[in-house]
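Undergrad: Predicted model, plus sequence, below.
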Amino acid sequence: MATNSIKLLTGNSHGQLAKLVADRLGIELAKIMVLQYSNNETSISIGESVRDEDVFIIQSTESHSINDHIMELLILINACRTASARRITAVLPNFPYARQDKKDKSRAPITAKLMANMLQTAGCNHVITMDLHASQIQGFFNVPVDNLYAEPSTLRWIRENLQPQDCVIVSPDAGGAKRATAIADNLNVGFALIHKERARPNEVSRMVLVGDVKDRTAIIVDDMADTCGTLCKAADVVIEHGAKAAIAIVTHGILSGDAIQKINNSKLKHLVVTNTVPHEEKKKLCDRIVTLDISPTLAEACRRTHNGESVSFLFKHAPVD
């Protein structure tokens, strides 16, 4: 799959994923230097020409330095634009601030829209992301946005590691019902929903199960695991209702705060997360975490974008490793 005129750049957010994508494409990561001055300003220099090149900048987000990584990305985009790159594609495996996508209370900002404005002002021509928390975020942009899905990779993992006929797909909230029913339909298995009532953000007070999970493996699917309170309570609920085991499959394993401690103390058998967000250090503290590599999907999206091919094939198919 060697490609000559793709330039692949990355900041300090997730070098391992960028390397996997570069290896898949058969190219080297472009040489860049990212420094932080003593006053915490970010300085970037690109060590090779990007004039008239098709540039792809892979930048994920880590929970403890998300804003630094956003600044890195914006400066990288702007540096490529002023260096006369032909097209600049921001590859954001986990779109930052995606949960702030609507004005849900008085004087609340729509920060996801601000992110879209900043990326475009910096000089971004195209965005590739994965499992947006709210798909309407695509409408915040005036440039093309390809929202890829982890679903094909998830389905493959379930078929290879579990007995699908003994499983039931569970959505931990009403918002994720569409995602869960799509997976249940593909596997031709049952579906259950947990209705949750929140006392305050990031804290669930009460959960009610709708559906039958008795004597089945409950697969709880969601788009992100942040503090993991919802997933752990969902696991408790399905086990109480007679499920054989509880397995969570999540696209973005943010795992902030005391998430690892919660998982270790929970009734979850496995937490399957993709590598959109770096979690290697957290994995050392929790042997229940299983990593699903989505670099082949991102690499294929970059290759197809570069060659002017349709990306929609990847919505239903995971590239073969």
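TA: That came through fine. Numbers count the residues shown, from 1 in each chain.

Undergrad: Average pLDDT for the strand ranked longest in the chain, rounded please.
TA: Counting by DSSP state E, the longest strand found in the chain is strand 190-200. The pLDDT scores in strand 190-200 average 82.

Undergrad: any idea which helix or strand of the protein has the worst average confidence?
TA: Least confident helix or strand of the chain, by mean pLDDT, DSSP states H and E, is strand 203-210 with a mean of 78.

Undergrad: C-terminal to it, what's the next element?
TA: Next helix or strand after strand 203-210 toward the C-terminus (DSSP states H and E): strand 217-225.

Undergrad: does residue 169 sit in a helix, a strand or a coil?
TA: strand (DSSP: H, G, I helix; E, B strand; the rest coil).

Undergrad: Beta-bridge partners for it, please?
TA: residue 191, residue 219 (DSSP bridges).

Undergrad: Residue 76: what secondary structure?
TA: Residue 76 - assigned by three-state DSSP - is helix.

Undergrad: actually residue 183, not the one I typed
TA: Per three-state DSSP, residue 183 ends up helix.

Undergrad: Neighbours of the residue nearest to it when sequence neighbours are not counted, how many?
TA: The spatial neighbour of residue 183 that comes closest, neighbours along the chain excluded (Cβ to Cβ, 6 or more residues apart in numbering), is residue 169 at 5.2 Å. Using the backbone N, CA and C atoms, a C-beta is placed for each residue, glycine as well. As a burial measure, residue 169 scores 28 neighbours (other Cβ atoms under 10 Å).

Undergrad: residue contacts, residue 169?
TA: 180, 181, 183, 184, 187, 189, 190, 191, 192, 219, 221 (Cβ atoms under 8 Å, 6 or more residues apart in numbering).

Undergrad: Which stretches in this protein count as strands?
TA: Using DSSP E, strands in the chain cover 6-10, 32-36, 42-46, 54-58, 87-92, 126-130, 145-148, 167-171, 190-200, 203-210, 217-225, 245-253, 268-274, 289-292.

Undergrad: Going by mean pLDDT, which of those strands comes out lowest?
TA: Lowest mean pLDDT within those: strand 203-210, at a mean of 78.

Undergrad: For the strands of the chain, please prepare TSV with the additional fields distance to residue 104.
TA: Shown next, in TSV, are the strands of the chain (distance: least, Cβ to Cβ, whole Å):
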stretch	distance to residue 104
strand 6-10	33
strand 32-36	34
strand 42-46	32
strand 54-58	31
strand 87-92	23
strand 126-130	22
strand 145-148	22
strand 167-171	20
strand 190-200	12
strand 203-210	16
strand 217-225	17
strand 245-253	21
strand 268-274	27
strand 289-292	31
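
Undergrad: so which of the ones you listed gets nearest residue 79?
TA: strand 42-46 (5.7 Å; Cβ to Cβ).

Undergrad: So in that sheet, which strands flank that closest one, and in what orientation?
TA: strand 32-36 (antiparallel).

Undergrad: Contacts for the strand it pairs with next, please.
TA: For strand 32-36, using Cβ under 8 Å, 6+ apart, the contacting residues are 9-12, 42-47, 68, 72, 76.

Undergrad: Show me which of those is closest to residue 155.
TA: residue 10 (28.4 Å).

Undergrad: Excluding chain neighbours, what is closest to the closest one?
TA: residue 18 (3.6 Å).

Undergrad: check contacts around that neighbour.
TA: Contacts of residue 18 by Cβ under 8 Å, 6+ apart are 8, 10, 29, 58.

Undergrad: close enough to count as contact, the last one and residue 19?
TA: Same thing as residue 58. No - Residue 58 lies out of contact with residue 19 (Cβ atoms under 8 Å); the separation is 9.7 Å.
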